[in-house]
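Enquirer: With the input below, show me the fold.
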Amino acid sequence: MRALGWFWAIALLLAAAAGVVLQVLGPPLRPVAMSTETVPLQPPAPAKPAKPPLTAPPTAGLDAADAHASIIAPPDPTLLEPSAVYAGGVLPKLGPGGRASLHAYAAPFDVTAAAGRPRVALLLSGIGLSQIDSEEAIRATPGAVSLAVSPYAAHPERILADARAAGHEILLSLPLEPDRYPIDDPGNRALLTGNPPPVNAQRLEWALTRFAGYVGATGALNGLRGERFSGSADLMATLLQELAGRGLLYIDPRPSQPALPHATGRGVDVLIDEPAPVRAEIEANLAKLEQAARDHGSALGLVSQPRPVTLDRIAAWAAGLEQRGLVLTPVSAIAVAPPVQPAK
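Expert: Numbers count the residues shown, from 1 in each chain. Below is the predicted model:
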């Protein structure tokens, strides 16, 4: 009897212990049914490339597609030489076989297609001082419109790249002393009639090193035209000889002036946005430009600044040129060789 008592006592103890274990561990887990439906994996979204800053250096903000899209050739190292005055600056020079910037960076022009039609060209200055206005000028005007870029532009690289891609050839604006100087101030790097020649030479070199890849230069600078400096035959002869020796053309922004010596180029025939940049004046001046082209075979108009009303009128005017029997050309396509100088 005693053995039977011990048996039941042990059994009761084991049952109690099992209850405690179940309380701690909880009930056994139920098997989970696995779904037979397959859920497709979503591929990760491709990372968007960062938009290059507008102030990026020439190659940093442009990918291979941008470079290949350019209609105008980018700066050619064989047409450049280092500046002896400005560290890191480069100057245009004549290349192998006399190759010149005025040809290398000229906008394409189909001479055959334009045969027999009067040619009109527009030079739009004031580019580079306002990023927004400059970008709008590049976007809104036809590629045949040539652009004059200010040497005072802080970061012109992206503007220049966009202009080349859109087909606009580029000229450098030179800060030359105007008639109303110092009331009209062309800036602290201006070439002045009262400067010693070495100072003007240094300031010209500064301007020429501001960027690269331009066909030539002009005295048109954001509404100024350098009349007083250009009126000095000796000063202009020195400047033009320097430009010609570097393979550059020169556009004289003063209307109705005699042809300048030494450098390939021409003068402006009509000021498009003067005396007032209003719609009626702009349209009247564009009509004058057309008539001058019909009378003389070609004509060049100067736009002083890229104002919205001017850009709008240029775009509308250019759209109907072909129907009116004229052709819009880049400035380089109507530039002429300098007059022959008499032998001394």
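Enquirer: Sketch out the strands for this structure, chain order is fine.
Expert: 80-82, 90-92, 119-127, 146-149, 170-173, 216-218, 249-252, 265-267, 270-271, 298-303, 327-329 (DSSP state E).
Enquirer: and residue 277, which of those is closest to it?
Expert: strand 298-303 (9.0 Å; C-beta to C-beta). Placement of C-beta: from N, CA and C, glycine included.
Enquirer: what comes up buried for that closest one?
Expert: 298, 299, 300, 301, 302, 303 (16 or more other C-beta atoms under 10 Å).
Enquirer: do the same with stretch 73-88
Expert: 74, 75, 79, 80.
Enquirer: so which of the residues you listed comes closest to residue 261?
Expert: When these are ranked by distance to residue 261 (C-beta to C-beta), residue 79 comes first, at 23.6 Å.
Enquirer: can you list the buried residues of strand 298-303 in CSV and add pLDDT?
Expert: Compiled in CSV, these are given as follows (pLDDT from 0 to 100):
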residue, pLDDT
298, 97
299, 98
300, 98
301, 98
302, 98
303, 98
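Enquirer: Return the closest of these with respect to residue 185.
Expert: residue 302 (19.9 Å).
Enquirer: who does that closest one bridge with?
Expert: residue 123, residue 271 (DSSP bridges).
Enquirer: Look up how far residue 125 lies from it.
Expert: Distance of residue 302 to residue 125, given as C-beta to C-beta, to the nearest Å: 7 Å.
Enquirer: what does residue 333 give?
Expert: Taken as C-beta to C-beta, the span from residue 333 to residue 125 is 18 Å.
Enquirer: go on, residue 238?
Expert: Taking C-beta to C-beta, one finds residue 238 at 23 Å from residue 125.
Enquirer: Residue 244 now?
Expert: 21 Å.
Enquirer: ok, back up a step: turn the buried residues of strand 298-303 into JSON lines, including distance to residue 263.
Expert: Listed next are these as JSON lines, based on distance: C-beta to C-beta, whole Å:
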{"residue": "298", "distance to residue 263": "18"}
{"residue": "299", "distance to residue 263": "20"}
{"residue": "300", "distance to residue 263": "15"}
{"residue": "301", "distance to residue 263": "20"}
{"residue": "302", "distance to residue 263": "17"}
{"residue": "303", "distance to residue 263": "22"}
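Enquirer: With respect to residue 276, which of those residues is nearest?
Expert: Using C-beta to C-beta, these come closest to residue 276 at residue 303, 13.4 Å.
Enquirer: hang on, that closest one packs against residue 133?
Expert: No: using C-beta atoms under 8 Å, residue 303 makes no contact with residue 133, being 11.9 Å away.
Enquirer: Quickly list what's touching both of those two.
Expert: Counting by C-beta atoms under 8 Å, 6 or more residues apart in numbering, the contacts common to residue 303 and residue 133 are residue 126.
Enquirer: and residue 243, how many neighbours?
Expert: Neighbour count for residue 243, taken as other C-beta atoms under 10 Å: 24.
Enquirer: The chain should start at 24 in everything you say after this.
Expert: Okay, using 24 as the starting number, the last item reads as residue 266.
Enquirer: Please enumerate the shared neighbours of residue 325 and residue 148.
Expert: With C-beta under 8 Å, 6+ apart, residue 325 and residue 148 have common neighbours 243, 276.
Enquirer: ok so, going back, more crowded one of residue 261 and residue 148?
Expert: residue 148 (28 against 16).
Enquirer: can you tell me which residues contact that one?
Expert: For residue 148, the contacting residues are 170-171, 173, 196, 241, 243-246, 276, 325-328, by C-beta under 8 Å, 6+ apart.
Enquirer: For the residues you listed, which single residue is the most surrounded?
Expert: residue 196 (32 neighbours).
Enquirer: what's near enough to touch it?
Expert: Here residue 196 is in contact with 148, 171, 172, 173, 174, 240, 241, 242, 243, 244, 245 (criterion: C-beta under 8 Å, 6+ apart).
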